[in-house]
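Participant: just a sequence and a predicted model for now, questions to come.
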Amino acid sequence: MDLDLSPEHALLRQTVRDFAVREIEPVVDQHERERRFPSEIVAMLGPMGLLGIPYPEEEGGAGLDTLAYAIAVEEISRVWGSLGLIVAAHTSLGCGPLHMAGNDRQKERFLVPMAQGRVLGAYGLTEPEAGSDSGGTRTTGRHESGADGGSWVIDGRKRFITNAGQAATYIVTARTGSRDDGSPEISAFIVEADTPGFSVGRLEEKMGLHASATGELLFEGCRVPAENMLGGRGDGWKTFLKILDGGRISIGAMAVGLAQAALDASISYARERKQFGRAIGTFQGVAFMIADMATEIEAARALVWRAAWLKDEGRDYALAAAQAKLFASEAAQRATNNGVQVHGGYGYVEEYKVERFLRDAKLTELGEGTSQIQRLVIGRRILDLKVV
């Protein structure tokens with residue numbers, strides 16, 4: 001068993017780290033204050049291959065693996081959580097369904113420009129009454145006959161969609177009928193941003209990740225060609241469940257990056273800040289918090305990397321991804337909270353970044369399935385029990 005990164009992965013890690021410190025870190029505060037989407041920075045990521053890392057070169061990607069992707073998301077999030085989320089949502093959720101279920105024409109037309117970073121992608125699943133519960137899906141797709149297979153008319157709305165208003169290609173679910181047992185038939189569709197009947201609603205004012213756009217998608221008689229159905233009719237929910245498994249790896253990596261940022265800041269502060277004539281890191285109360293942070297971060301990173309490795313090996317990684325996401329997100333919440341505590345009163349003010357890390361890390365316990373959903377997934381898998 002070799003637990004060291006390969007030279008290629010180590011080089012990628014250092015390259016992304018250097019880029020993040022040099023190009024990204026100087027603009028973070030201004031964008032977060034102004035709640036401004038970092039279009040200029042995102043545009044720099046495409047030519048570097050950072051918006052299509054785990055996809056084959058023939059699909060526009062960098063031809064690397066999931067582990068490389070997790071490493072990149074961690075290092076980006078270590079400097080800027082908002083950008084880490086933008087990259088994760090685009091790569092896992094925007095590109096992922098096209099890579100998994102798209103036909104050759106769909107990949108060439110939509111995935112290639114997305115993976116190359118020329119077009120940003122987004123993923124529309126969550127609704128006001130639907131998220132983990134597919135039965136709550138209210139957005140509908142109605143087929144109308146015509147030339148070339150006709151078209152699908154989509155009506156409804158999606159909520160809490162990352163990259164809303166910034167993406168040019170959206171992958172969305174809609175209810176296209178009912179199955180024999182009465183359960184909803186959920187299909188997936190590719191919707192371009194300039195499609196008549198499609199619009200972006202309100203953008204959310206969030207606790208954290210202020211430079212990341214999160215908003216509503218509105219569909220009012222939105223007509224898309226029949227050829228824009230992604231996968232077979234009724235296959236949308238199955239596809240999206242598989243996509244969420246992979247997405248959990250990237251959210252876990254984001255959580256590790258935010259936790260590592262809090263640890264970096266806390267180590268520096270604990271060494272330099274003096275009370276009673278000595279560095280506060282020499283006091284057990286502070287040293288123990290640092291020790292807990294460092295230990296849990298190493299464990300979280302190992303879980304995330306293991307899930308990524310299993311995916312790259314073509315093995316079943318669903319359980320590992322849920323475990324990694326659950327542990328990493330909760331470890332990040334503890335680490336960032338401890339980071340504020342180490343800084344004392346300074347940790348509560350914006351001058352020191354740990355308060356932002358704490359706010360940003362909370363999202364990792366919610367996105368791609370809450371911690372409670374992860375425990376449900378893990379418990380059912382381990383117990384091998386079906387819920388009637």
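Facilitator: That came through fine.
Participant: give me the number of residues near the residue lying closest to Gly96 once chain neighbours are set aside?
Facilitator: Closest residue to Gly96 apart from its sequence neighbours, by C-beta to C-beta, 6 or more residues apart in numbering: Ile243 at 4.7 Å. No exception for glycine: its C-beta is placed from N, CA and C like everyone else's. Ile243: 24 surrounding residues under other C-beta atoms under 10 Å.
Participant: state the helix or strand in which Ile243 lies.
Facilitator: Using DSSP states H and E, Ile243 sits in helix 236-272.
Participant: the stretch 201-350 of the chain: strands as residue ranges?
Facilitator: 214-225, 229-230, 274-275, 278-279 (DSSP state E, counting those that start in this stretch).
Participant: domains for the chain, by residue range?
Facilitator: Per the record, the chain has its domains at 7-120, 122-234, 238-383, by automatic domain parsing.
Participant: and the residue nearest to Gly96, what pLDDT?
Facilitator: Ile243 is assigned 93 on the pLDDT scale.
Participant: pretty sure Ala188 sits against Gly231.
Facilitator: Yes - using C-beta atoms under 8 Å, Ala188 is in contact with Gly231, at 5.9 Å.
Participant: who has more neighbours out of those two?
Facilitator: The residue with more neighbours, out of Ala188 and Gly231 and counting by other C-beta under 10 Å, is Ala188; that gives 31 against 20.
Participant: residue contacts, that one?
Facilitator: If a contact means C-beta atoms under 8 Å, 6 or more residues apart in numbering, then Ala188 has 97, 101, 171-173, 229-231, 235-236, 239-240 as its contacts.
Participant: so it: helix, strand or coil?
Facilitator: Using DSSP: H, G, I helix; E, B strand; the rest coil, the structure places Ala188 in strand.
Participant: quick check: pLDDT value at it.
Facilitator: Looking at Ala188, its pLDDT reads 97.
Participant: got it, and Val388?
Facilitator: pLDDT for Val388: 50.
Participant: so, low pLDDT: which residues of this structure?
Facilitator: 134, 387-388 (pLDDT under 70).
Participant: and the residue located most distally from the centre of it, what are its phi and psi?
Facilitator: Distance from the centre of the chain peaks at Gly277, with 44.3 Å (C-alpha atoms, centre = their mean). Backbone torsions for Gly277, taken as degrees, to the nearest 10, come to phi 80, psi 10.
Participant: quick revisit: to Met1, which of the domains of the chain lies closest?
Facilitator: Nearest of those to Met1, taken as C-beta to C-beta: domain 238-383 at 11.1 Å.
Participant: gap between the two ends of the closest one?
Facilitator: In domain 238-383, first residue to last residue: 22 Å (C-alpha to C-alpha, to the nearest Å).
Participant: report the distance from that domain to the chain centre.
Facilitator: Chain-centre distance of domain 238-383: 14 Å, with C-alpha atoms, centre = their mean, to the nearest Å.
Participant: cool, stretch 201-212 as well?
Facilitator: 15 Å.
Participant: so where does Ser132 fall, helix or strand?
Facilitator: Counting by DSSP H and E, Ser132 is part of no helix or strand.
Participant: so it makes contact with Ile373?
Facilitator: Yes - using C-beta under 8 Å, Ser132 makes contact with Ile373 at a distance of 5.3 Å.
Participant: who's more crowded, these two?
Facilitator: Neighbour totals were compared for Ser132 and Ile373, and Ile373 leads with 17 against 14 (other C-beta under 10 Å).
Participant: secondary structure element for that one, which one?
Facilitator: helix 371-383.
Participant: in the protein, which residue is closest to the centre?
Facilitator: What sits nearest the mean C-alpha location of the chain, by C-alpha atoms, centre = their mean, is Ala88, with 3.7 Å.
Participant: so that residue: helix, strand or coil?
Facilitator: Recorded secondary structure, Ala88: helix (three-state DSSP).
Participant: need the nearest residue in space to it, chain neighbours excluded.
Facilitator: Distance criterion C-beta to C-beta, 6+ apart; nearest residue to Ala88, sequence neighbours excluded, is Ser250 at 3.9 Å.
Participant: now for the one you found: which residues touch it?
Facilitator: By C-beta under 8 Å, 6+ apart, the residues touching Ser250 are 69-70, 73, 88, 91-92.
Participant: closest to Leu125 out of those?
Facilitator: Of the contacts of Ser250, the one sitting nearest to Leu125 (C-beta to C-beta) turns out to be Ser92, at 12.3 Å.
Participant: skip the chain neighbours and tell me the closest residue to that closest one.
Facilitator: Take Ser92 and drop its neighbours on the chain: the residue closest to it by C-beta to C-beta, 6+ apart is Gly247, 4.1 Å away.
Participant: so the one you found touches Leu93, yeah?
Facilitator: Yes - Gly247 is within contact range of Leu93, at 5.7 Å (criterion: C-beta under 8 Å).
Participant: who has more neighbours out of these two?
Facilitator: Using other C-beta under 10 Å as the criterion, Gly247 and Leu93 rank with Leu93 on top: 26 against 23.
Participant: leaving out the residues flanking it, which one is nearest to the more buried one?
Facilitator: In space, Leu93 is closest to Tyr123, 3.3 Å off (C-beta to C-beta, 6+ apart).
Participant: and Val340, by the same measure?
Facilitator: Gly347 (3.6 Å).
Participant: likewise for Ala335?
Facilitator: Once flanking residues are discounted, Ala335 sits nearest to Ala259: 3.9 Å by C-beta to C-beta, 6+ apart.
Participant: can you count the residues close to the one you found?
Facilitator: Using other C-beta under 10 Å, Ala259 has 32 other residues around it.
Participant: which residues are in contact with it?
Facilitator: Ala259 sits next to 293, 296-297, 300, 328, 331-332, 335-336, 357, 361 when contact means C-beta under 8 Å, 6+ apart.
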